Structure formats: structure tokens, C-alpha cells
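A.B. asks: sequence plus predicted model, see below.
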Amino acid sequence: MLHGSAVVVDDAVYAFVGESGRGKSTLAAFLLTAGLRRTADDLIAVRLADNKVLAADGRQLTPLGAVFFIDRHDADPMCEPLSEADALHHQIRNGFGEHGHAPTWRWQFDLYGGLVDAVPHFRFTQADDLAKLPESQTVFEAVVATLPDGPVT
């Protein structure tokens, strides 16, 4: 499980993950105005299968295209790729898991490692100013357009 919101672009799910109040749901809701479909809000169910990451999309599983860790600052929207180490750090920091229960945490850690290996991860900075949501949309669309056809496997 990931803590975030997700939208579908073509045949892939794109996850917005981060701490509460960062604008994950706000960005996903805004992208609905561009014709995208939101598939998750607050919890994104993901599954590793044969080195692929699949995300719950209603009653089906859809390939996960990328994970965007959302942050907010008083700046223009921007997006940058994360190293595998930084992506794993963000997954652990923003993930769900019972730290005191070793088997559960081991499973969750394996999931995060598989996510980092299989799917591109980005740091996505949103402006505090909601009037800049169209700029966030432009940045998101530009990054998605640079990704290979379909999710990385």
C-alpha cells in the first residue's frame, strides 16, 4: 500500500505519494479536469508480479508507470528523477507498515525495493499557490511524455 492518490494515463497508473497535506489529492483532482481518471485516493494498492508493478485500478490491475513524491514550496512546480537510494528512502518514509512487526515490515521493505527497481521515481514540487495547478499539470504531462511506452520492467 502506498499513501497517495493515483491517476490513469493511457494504460498506466501514476502515483502521487507523500505526507498528508502535500497536495496529492488536490493534484489528482485537478488532473480530472484534463480528462484523466483518478483510480485511488489516500491508499494505492500495489502488487509485484514477475518483476512488474501493478496497481489496483477499480476491479483490475494496471501497470504502475511512475511514482511522484509530492512536496510543496513557495516555488514554481518542478520535477526531478530520484536515485534508487533516495526513492527507497522516500518509500520507507511515506509508506505503511508496522515497524514493530518484523514479518510485516520485511514484506513491506521487499515491496518498496521491488518498486524502486521496476518503476521510475520522481520528486515533484508543487507550488503553494493553487493558481499554479495548471503549471503542475504541464510539468506532470511533460515527464509522463518522456517515459518509455508503458511502464519500465
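C.D. replies: Sure, I can see it.

A.B. asks: three-state assignment of A55?
C.D. replies: Recorded secondary structure, A55: strand (DSSP: H, G, I helix; E, B strand; the rest coil).

A.B. asks: just list whatever residues bridge to it.
C.D. replies: V46, T62 (DSSP bridges).

A.B. asks: correct me, but it touches A45?
C.D. replies: Yes - counting by C-beta atoms under 8 Å, A55 does reach A45; the two are 6.8 Å apart. Bear in mind the C-beta positions are built from the backbone N, C-alpha and C, glycine included.

A.B. asks: neighbour count winner among these two?
C.D. replies: A55 (26 against 14; other C-beta atoms under 10 Å).

A.B. asks: give the next helix or strand downstream of the longest helix along the chain.
C.D. replies: In terms of residue count, the longest helix belonging to the chain (DSSP state H) is helix 102-118. Downstream of helix 102-118, the first helix or strand assigned by DSSP states H and E is strand 121-127.

A.B. asks: any idea of the angle the helix or strand just after that next one forms with strand 121-127?
C.D. replies: Per DSSP H and E, the first helix or strand lying C-terminal to strand 121-127 is helix 133-146. Angle, helix 133-146 to strand 121-127, by axes from the mean of the first three to the mean of the last three C-alpha atoms, to 10 degrees: 160 degrees.

A.B. asks: mind listing what's buried along helix 133-146?
C.D. replies: L133, S136, Q137, V139, F140, V143, V144 (16 or more other C-beta atoms under 10 Å).

A.B. asks: show me where pLDDT drops low in this protein?
C.D. replies: The chain contains residues with pLDDT under 70 at 96-100, 149-153.
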